[in-house]
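1. attaching a predicted model along with its sequence, questions to come.
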Amino acid sequence: MQIKVIPRHLLAQAAAEHIIETIQTRLAHQSNASIALAGGSTPKAAYQQLAQMSGRLDWRRIHLFWGDERCVPPDHPESNYHMARQTLLDFIAIPPENVHRMRGEEDPFSAAGAYEAELRTFFSGGNGRGFDLILLGLGEDGHTASLFPGSPALQIQDRWVVAVEHNQPPPPLVTRLSITLPVINAAAYVTYLVLGAAKSGRLAQILAAAGMTSIEPPLPAQLVRPTSGNLSWLVDEDAYPGGASSASE
Ligand code: 6PG
């Protein structure tokens, strides 16, 4: 596991560079690459930066998915797809068929089943065993994607996508769609983007658990342990419990 502590004003560019370098590495050995985008607010600046640097990637060979989605229409301000449209998708030359949106406007349970089928079809069609890169955020409660503390979804091993009722903070209090831990942990690269002092307590817990003591019950974000993939954390100085230094575990 690697953690990089980056000044807040440089994090978006560092994240965009990391995405580009990771995908270029993957495309050197395979025809296509797949990215699962994170939602929330943290990735916005990174996606805007990636859009500005998008000429460095061949988007015809890249497929974009989502790690989770709120069950709202795709043009809703709380939609993770809507956020990605506004910051990235509208500015890159990616074929429409390479954008695999979770259908938040449909019945959550059927949308989860449909997205799982889409993933299974994609990954059984010669596009590798799992995502090349999954981007994740960290909630103040330690959730990641839409896997929340105490959720039964954390125990699921046989499904790739689930519908998650969500009726307590953090907002928005809407049903969500989320990929599950087996999918996350099968990725070649998993990268967290974490900003702000509000996350530092949880981040400290997770880093401690990764390196020293275990915490019960484990936080969802602690359960992200790629089976054979690479785990990275790109965090700003406010979020890093150790302050402005860089470290690798
Ligand atoms: C979502 C995200 C969620 C997010 C964290 C952090 O749909 O909300 O997928 O997991 O990454 O809640 O959110 P912020 O980046 O807004 O702090």
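-> Received the coordinates, thanks.

2. for the single nearest residue of the chain relative to the ligand, list the residues it contacts.
-> Of the chain, the residue with the smallest distance to the ligand, taken as C-beta to the nearest ligand atom, is Gly137 at 2.2 Å. Every C-beta, even on glycine, is put in place using the N, C-alpha and C of the backbone. Taking C-beta atoms under 8 Å, 6 or more residues apart in numbering, we find Gly137 in contact with 38-40, 42-43, 144, 192-194.

3. keep only the residues you listed that also lie close to the ligand.
-> Restricting these to those adjacent to the ligand (criterion: C-beta under 6 Å from any ligand atom) gives 38-40, 42, 144.

4. now do the strands in the chain.
-> 2-6, 33-37, 62-66, 68-70, 133-136, 161-164, 176-179, 189-194, 230-236, 247-248 (DSSP state E).

5. can I get those in a markdown table including mean neighbour count and mean pLDDT?
-> As requested, those are arranged in a markdown table below (neighbours: other C-beta atoms under 10 Å; pLDDT from 0 to 100):
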| stretch | mean neighbour count | mean pLDDT |
| --- | --- | --- |
| strand 2-6 | 18 | 89 |
| strand 33-37 | 25 | 98 |
| strand 62-66 | 22 | 98 |
| strand 68-70 | 27 | 98 |
| strand 133-136 | 28 | 98 |
| strand 161-164 | 22 | 98 |
| strand 176-179 | 29 | 98 |
| strand 189-194 | 24 | 98 |
| strand 230-236 | 22 | 93 |
| strand 247-248 | 10 | 48 |
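
6. could you dump these to a markdown table with distance to Leu223?
-> Compiled in a markdown table, these are given as follows (distance: least, C-beta to C-beta, whole Å):
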| stretch | distance to Leu223 |
| --- | --- |
| strand 2-6 | 17 |
| strand 33-37 | 16 |
| strand 62-66 | 19 |
| strand 68-70 | 15 |
| strand 133-136 | 12 |
| strand 161-164 | 14 |
| strand 176-179 | 13 |
| strand 189-194 | 11 |
| strand 230-236 | 12 |
| strand 247-248 | 21 |
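
7. circling back to that earlier point, of the ones next to the ligand among the contacts of Gly137, select the buried ones using a ChimeraX command.
-> Burial among the ones next to the ligand among the contacts of Gly137 is assessed by 16 or more other C-beta atoms under 10 Å; the matching ChimeraX selection reads:
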select :38,39,40,42,144
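
8. for Asp107, state which of the ones next to the ligand among the contacts of Gly137 is nearest.
-> Nearest to Asp107, judged by C-beta to C-beta, of these is Gly39 at 20.0 Å.

9. now the closest residue to that closest one other than its chain neighbours: how far from Ala111?
-> Computed as C-beta to C-beta, 6 or more residues apart in numbering, the closest residue to Gly39 that is not its neighbour in sequence is Asn80, at 3.1 Å. To Ala111, Asn80 is 13 Å away according to C-beta to C-beta, to the nearest Å.

10. Gln222 now?
-> According to C-beta to C-beta, Gln222 stands 28 Å off from Ala111.

11. on that earlier part again, who wins for proximity to Leu207 among the strands of the chain?
-> Across those, the minimum distance to Leu207, taken as C-beta to C-beta, is reached by strand 2-6, at 7.0 Å.
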